[in-house]
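Visitor: dropping the sequence and predicted coords here.
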Amino acid sequence: MTKRLLILIVAGYCLVPGALAQQGSSAAAPTPEEPPEEGIPVTDPLVISRCGTCHTKDAKGNLTRISWERSTPEGWEEAIKRMVRLNGLTITPSEARAVVKYLATDHGLAPEEAKPVMYMPEHRLVDETSIPNDTVHDTCTNCHALGRALSWRRTKADWRLLANMHSFLYAQADNIFRRGSGAFPSVQGPRVERAGAAPAVEPANPATSQREPLDVAIDFLAKAAPLHTTEWAAWRARMRPPKLAGRWLVSANLPGHGRYYGEMVIDAGAAADEFSTRIDLRSVKDGSALTRSGNGLVYAGYSWRGRSTAAAKGATAPDGIAPEMREALWFDPNQNEAQGRWYWGAYQEFGFDVKLVRASADPAVMGVDVTSLKTGSTGVKLRLIGANFPAKVVVSDLDLGSGVTVARVVSSNPGEIVAEVNVAADAVRGKRDVAFERSIVPNAIAVYDRVDYIKVTPEAGLAHLGSDVHPKGYQQFEAIGYNRGADGNPHTSDDVELGPIDVDWSVEEFQSVYGDDDKGFIGQLSPTALFTPASDGPNPERKFSRNNYGDVWVVATSKTEKEKDGRPMTGKAYLVVTVPTYIKWDQPEVEK
């Protein structure tokens, strides 16, 4: 995430809903220059009953606006809430859930369309690399993430109707949409190239390059997120009820706490797309157990939303594992694996990164207790964690890739194998698979000769001050070591991630103004890199009695690794500490 994007978040600009709005009785008719597109008929009687009063039905069964849009469960839920707030829709909670379930399935996204924007329901703070150019950036992401828009699929005509809704509801939107408005002049800055960005959509011809920003953005959205796609057509044909009941192996990582392994038992619920769950995990770091139970609902055959509660009361520390977590998972269409996030916190800032694999009677490796092995090391103890391991394991059952030799098997039981390994001095640097018989964990261990640099994650963090009535928003950091990779040059695409390394943590001033004094007021960084923000102000001890907001560097200093000149190796991340979120525009609840 760039500093510029963080500034926009901190400034508190509008959170514009990226969903449908009924503009009176206007239909999703195309603009005159565009040929009409076929809509997606609405067949559910409840949707027709509750939505058909305003969204009129045509001879083909299309409802205006709705039949020319597709979205995620969160998108449709936000749309329904806005209909209630602004357009007088009367609907019960049970009816609303049924409407969301139908629309998110029959007017939803294909798995391939939803996966790139899963960071939205997972509530991840990410640096979006799908923004094609500054025009689209300024038109759409001054107020919300581009993922909010790309969570929808619309006709070009409907994208324009959405823009009309923005202009009507949000006074600043029309200024942003039109060239030369001077919107947000303090943060416009020079044009920059973004790594991984798609090609710009502005025409190269100077005679046509002065189009309105809105027109450029609509052209991009109509091409990047059209209503009709081959992915959706294929998924509508092959969509089937989720058959997820059974035992699943879980590997999970919680920043600041490390990795957990265990299982999740999924039982069928009252409906074909509803389930109950039992979760048992154990920490690799300290062996602590985590037991939970919960419920989940699957939309469109693959998109899991759920929540779980702890069997026992969790820790009271800010980063303690919460009694209740929400779940957003993307199940592969093969229904044998899934990935996503279990999250909690007032700002959804804490969360497990989760991977699930369907269990079988065969032995299975889930992971290992170390992330890297240094060349030339011998007698290194390695724990393979998994399920259904046999009582007797021999050296030939294990394979850790070229240059890594299993010297002996120390012990084994159904859930764990402990082995001693040697790493050749000339072993090729890079990732290694870990295999037990036919079970493989790809890229499980990195082989390296030295740590070349440290990267602090997230590279740009965000924390919120608290108050008597508003909760604090925390930020957890980690220090990750990297090797330069095969090309011999650091900070290139082939660099090898080595996992967390042992560091000392500190905070340094980010000099953004003369006399900067943010470091002394914004909060505290713990030895485990959890940043706890201060309370908000105004603070009479600060110049001009300012609030306790600010921006700083978070610095990790290695305890063992050195630079070429002998100085301790360091890495740093940028942290913005801003005011509480005083107004929450919408809180999706589809995971209930």
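Guide: Received, thanks. Residues are numbered from 1 along each chain as shown.

Visitor: which SSE is Thr139 in?
Guide: According to DSSP states H and E, Thr139 maps onto helix 134-140.

Visitor: give the contact list for Thr43.
Guide: 61, 106 (CB atoms under 8 Å, 6 or more residues apart in numbering). Where you see a C-beta, it was placed from the backbone N, CA and C, and this is true even at glycine.

Visitor: so what pLDDT did it get?
Guide: With respect to pLDDT, Thr43 scores 97.

Visitor: any chance you could read off phi and psi for it?
Guide: phi -110, psi -10 (degrees, to the nearest 10).

Visitor: how near is it to Ala104?
Guide: Look at Thr43 and Ala104: by CB to CB, to the nearest Å, they are 15 Å apart.

Visitor: could I get the full set of strands for the stretch 1-150 of the chain?
Guide: Counting by DSSP state E, counting those that start in this stretch, the stretch 1-150 of the chain has strands at residues 69-71.

Visitor: pLDDT at the closest residue to Leu103 other than its chain neighbours, what is it?
Guide: Distances taken as CB to CB, 6 or more residues apart in numbering put Trp76 closest to Leu103, at 4.4 Å, once the chain neighbours are dropped. Predicted confidence (pLDDT) for Trp76: 97.

Visitor: enumerate every residue touching Trp76.
Guide: Contacts of Trp76 by CB under 8 Å, 6+ apart are 19, 99-100, 103-104, 107.

Visitor: okay, it and Gly61: tell me how far apart.
Guide: Counting by CB to CB - Trp76 and Gly61 are separated by 18 Å.

Visitor: mind listing what the most centrally placed residue in the chain touches?
Guide: The residue lying closest to the centre of the chain (CA atoms, centre = their mean) is Tyr119, at 2.7 Å. Taking CB under 8 Å, 6+ apart, we find Tyr119 in contact with 126, 147.

Visitor: quick one on the thing from earlier: for the contacts of Trp76, which one is nearest Ala252?
Guide: Ala104 (25.7 Å; CB to CB).

Visitor: the closest one - how many residues pack around it?
Guide: As a burial measure, Ala104 scores 24 neighbours (other CB atoms under 10 Å).

Visitor: so it sits against Glu69, correct?
Guide: No - with contact defined as CB atoms under 8 Å, Ala104 does not reach Glu69; the gap is 11.7 Å.

Visitor: the closest residue to Lys472 other than its chain neighbours - how many residues pack around it?
Guide: Among residues not flanking Lys472 along the chain, Gly466 sits closest, at 3.4 Å (CB to CB, 6+ apart). Neighbours of Gly466 under the rule other CB under 10 Å: 21.

Visitor: Gly466 and Tyr302, how far apart?
Guide: On the measure of CB to CB, Gly466 and Tyr302 end up 38 Å apart.

Visitor: likewise for Ala312?
Guide: Ala312 is 32 Å from Tyr302, by CB to CB.

Visitor: more neighbours: which of the two?
Guide: Ranked by neighbour count (other CB under 10 Å), Ala312 and Tyr302 place Tyr302 first, with 24 against 9.

Visitor: list the contacts of that one.
Guide: Tyr302 neighbours (CB under 8 Å, 6+ apart): 111, 114, 242, 330-333.

Visitor: Asp397: which of the residues you listed is nearest?
Guide: Asp332 (27.7 Å).

Visitor: can I assume Ala328 sits in a strand?
Guide: Yes - Ala328: assigned to a strand according to DSSP: H, G, I helix; E, B strand; the rest coil.

Visitor: isn't it right up against Val117?
Guide: No - taking contacts as CB under 8 Å, Ala328 lies outside contact range of Val117: 11.3 Å.

Visitor: ok, these two, which is more surrounded?
Guide: Using other CB under 10 Å, the more surrounded residue of Ala328 and Val117 is Ala328, with 28 against 23.

Visitor: give the contact list for the closest residue to the more buried one other than its chain neighbours.
Guide: Distance criterion CB to CB, 6+ apart; nearest residue to Ala328, sequence neighbours excluded, is Pro121 at 4.2 Å. Neighbouring residues of Pro121 by CB under 8 Å, 6+ apart: 72-74, 305, 328, 588.

Visitor: likewise Ala486?
Guide: Contacts of Ala486 by CB under 8 Å, 6+ apart are 428-430, 494.

Visitor: just the residues you listed: which are in strands?
Guide: Gly430 (DSSP state E).

Visitor: most neighbours, which of the contacts of Ala486?
Guide: Most surrounded of the contacts of Ala486: other CB under 10 Å gives Arg429, at 19 neighbours.

Visitor: rewinding a little: which residues does the residue nearest to Lys472 contact?
Guide: So Gly466 contacts 472-473, 533-536, 580 (CB under 8 Å, 6+ apart).

Visitor: filter the residues you listed down to the buried ones.
Guide: 472-473, 533-534, 536, 580 (16 or more other CB atoms under 10 Å).

Visitor: look up how far Asp487 lies from Ala328.
Guide: 36 Å.

Visitor: ok, now Trp553?
Guide: Counting by CB to CB - Trp553 and Asp487 are separated by 29 Å.

Visitor: where do the strands sit along the stretch 251-400 of the chain?
Guide: Using DSSP E, counting those that start in this stretch, strands in the stretch 251-400 of the chain cover 258-268, 274-283, 289-299, 303-310, 324-331, 337-344, 350-358, 364-368, 372-374, 380-387, 398-399.

Visitor: need the ones you listed in a markdown table (columns: distance to Tyr170 and mean pLDDT).
Guide: Formatted as a markdown table, those follow (distance: least, CB to CB, whole Å; pLDDT from 0 to 100):
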| stretch | distance to Tyr170 | mean pLDDT |
| --- | --- | --- |
| strand 258-268 | 42 | 97 |
| strand 274-283 | 37 | 97 |
| strand 289-299 | 29 | 96 |
| strand 303-310 | 28 | 96 |
| strand 324-331 | 27 | 96 |
| strand 337-344 | 28 | 97 |
| strand 350-358 | 30 | 97 |
| strand 364-368 | 47 | 96 |
| strand 372-374 | 49 | 97 |
| strand 380-387 | 51 | 96 |
| strand 398-399 | 58 | 96 |
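
Visitor: for the ones you listed, which one sits closest to Ser512?
Guide: Per CB to CB, nearest to Ser512 of those: strand 350-358, 28.1 Å.

Visitor: how close does Trp505 sit to Val456?
Guide: 9 Å.

Visitor: shared neighbours, those two?
Guide: In contact with both Trp505 and Val456: 477, 554-556, using CB under 8 Å, 6+ apart.

Visitor: redo those as JSON lines? Include secondary structure.
Guide: Shown next, in JSON lines, are the shared contacts of Trp505 and Val456 (three-state DSSP):
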{"residue": "Phe477", "secondary structure": "coil"}
{"residue": "Val554", "secondary structure": "strand"}
{"residue": "Val555", "secondary structure": "strand"}
{"residue": "Ala556", "secondary structure": "strand"}
